[in-house]
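Peer 1: 3D model of this:
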Amino acid sequence: MSTRQVGESIDVLTDVRQRVAARVVGRERELDLVLAAIAAGRDLILEGPPGTSKTTLLRAITAEWHVPFLLVEGNADLTPSRLVGHHNPARVLAEDFQADNFVDGPLLTAMREGGFLYVEEFNRAPDDTLNTLLAAMADREIVVPRVGRVVAQPTFRVIASMNPYDNVGTTRLSSSVHDRMCRLAVDYQDAEAEAGIVAVRAPNAHPSLSVGLVRSVRLDAVALTRATRSHPDVRQGSSVRGAIDLALVAGELLALRGVTVAGSEQSATEPARAAYIDTVWDALLVSLSGRIHVDQAVETSPEAVLREIWEDHFVLQAAAASPG
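Peer 2: So this is what the prediction gives:
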């Protein structure tokens, strides 16, 4: 498959785009840009917080293009030998070093099979590992001692991801890396898109919960989760995964406690409304208290921050919305 055969023609590229868009919620612009960069034969850095559909998007693209997807974690353990491969120790003892007892690592597998090598937390990988990737990206080939020259298939791509909000254990990427890769900043989706994701990932597991109640849970879960990202005491808020978990846990609690109405329903009695709001609070603690990172300069706790967000959503906003 040649570089142009990744996209082959604008009609094929458009068809791939439509099929991928049906599998990913709210990433139309990012999908266009990623497809364009990949079809142009470029390697790519996706920079954004966790839970912004980066991996989901790439998995969908590789599935529709029928190319392998190899994911590796960027950390101190990702040495060049783990990335490239190694000789089988048992066979080396019996046969000495030979090309046929070499076990390919993810980089060589991606190169030979024309797949996408996806390196998560790219800026946590050691410098010598990044230098190995530079050679593969620049020359589309690599020379392995006692193995020989490995030439990448035309569909081989290196895709990296980075979290701009996390500086612990990371290193600054060199200009050589940036010079060889395109970059796309991927931010959180809007509230409507996140509500769509939660609707897909958190289906109603209990027939006792009405459609309206489940919808209210999802909307409240998204609103509360998004509020963690703008709170002044929070260094990094929760991704949409928190909203998914919040909707799932709240749904289980509501069914367990026999709560049948949402806090926003006008027909709900005060006790029923209070039961709903209290249930969401309990689910909020379980789902988000470990996902938000409070600023170290502030003397507060995740629980206190979540309590403030919960009160603002259910008490202050509710009062502001009431007539008079």
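Peer 1: assign the closest residue to residue 161 other than its chain neighbours to helix, strand or coil.
Peer 2: Sequence neighbours aside, residue 46 is the residue nearest to residue 161 in space, at 4.8 Å (criterion: CB to CB, 6 or more residues apart in numbering). (Each C-beta comes from the backbone N, C-alpha and C, glycine too.) Under DSSP: H, G, I helix; E, B strand; the rest coil, residue 46 falls in the strand class.
Peer 1: which residues does residue 46 contact?
Peer 2: 34, 54, 159, 160, 161, 162, 184, 186 (CB atoms under 8 Å, 6 or more residues apart in numbering).
Peer 1: switch to 7 Å and redo it
Peer 2: By CB atoms under 7 Å, 6 or more residues apart in numbering, residue 46 lies in contact with 54, 159, 161, 184, 186.
Peer 1: in CSV: those residues, plus distance to residue 235, pLDDT and neighbour count.
Peer 2: Output for these, formatted as CSV (distance: CB to CB, whole Å; pLDDT from 0 to 100; neighbours: other CB atoms under 10 Å):
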residue, distance to residue 235, pLDDT, neighbour count
54, 21, 92, 24
159, 27, 96, 27
161, 20, 93, 23
184, 23, 95, 15
186, 19, 93, 20
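Peer 1: from those, which ones fall inside helices?
Peer 2: residue 54 (DSSP state H).
Peer 1: CA atoms of stretch 45-53 as PDB?
Peer 2: C-alpha atoms of stretch 45-53 as PDB (Å, rounded to 0.1, in the frame of the first residue of the first chain):
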ATOM      1  CA  ILE A  45       1.500  14.500  18.100                       C
ATOM      2  CA  LEU A  46      -1.900  14.800  19.700                       C
ATOM      3  CA  GLU A  47      -1.600  17.100  22.700                       C
ATOM      4  CA  GLY A  48      -4.500  17.200  25.100                       C
ATOM      5  CA  PRO A  49      -5.800  16.100  28.500                       C
ATOM      6  CA  PRO A  50      -6.900  12.500  29.100                       C
ATOM      7  CA  GLY A  51     -10.400  11.400  28.100                       C
ATOM      8  CA  THR A  52     -10.600  13.500  25.000                       C
ATOM      9  CA  SER A  53     -11.100  10.600  22.500                       C
END
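Peer 1: what about residue 122, how many neighbours?
Peer 2: 27 (other CB atoms under 10 Å).
Peer 1: sorry, back to before: determine which two of the contacts of residue 46 are furthest apart.
Peer 2: Within these, two members stand farthest from each other by CB to CB: 159 and 186, at 11.9 Å.
Peer 1: for residue 23, see how far away the residue most central in space within the chain is.
Peer 2: Centroid check for the chain by CA atoms, centre = their mean gives residue 51 as the closest residue, at 3.8 Å. In this structure, residue 51 and residue 23 are 17 Å apart, going by CB to CB, to the nearest Å.
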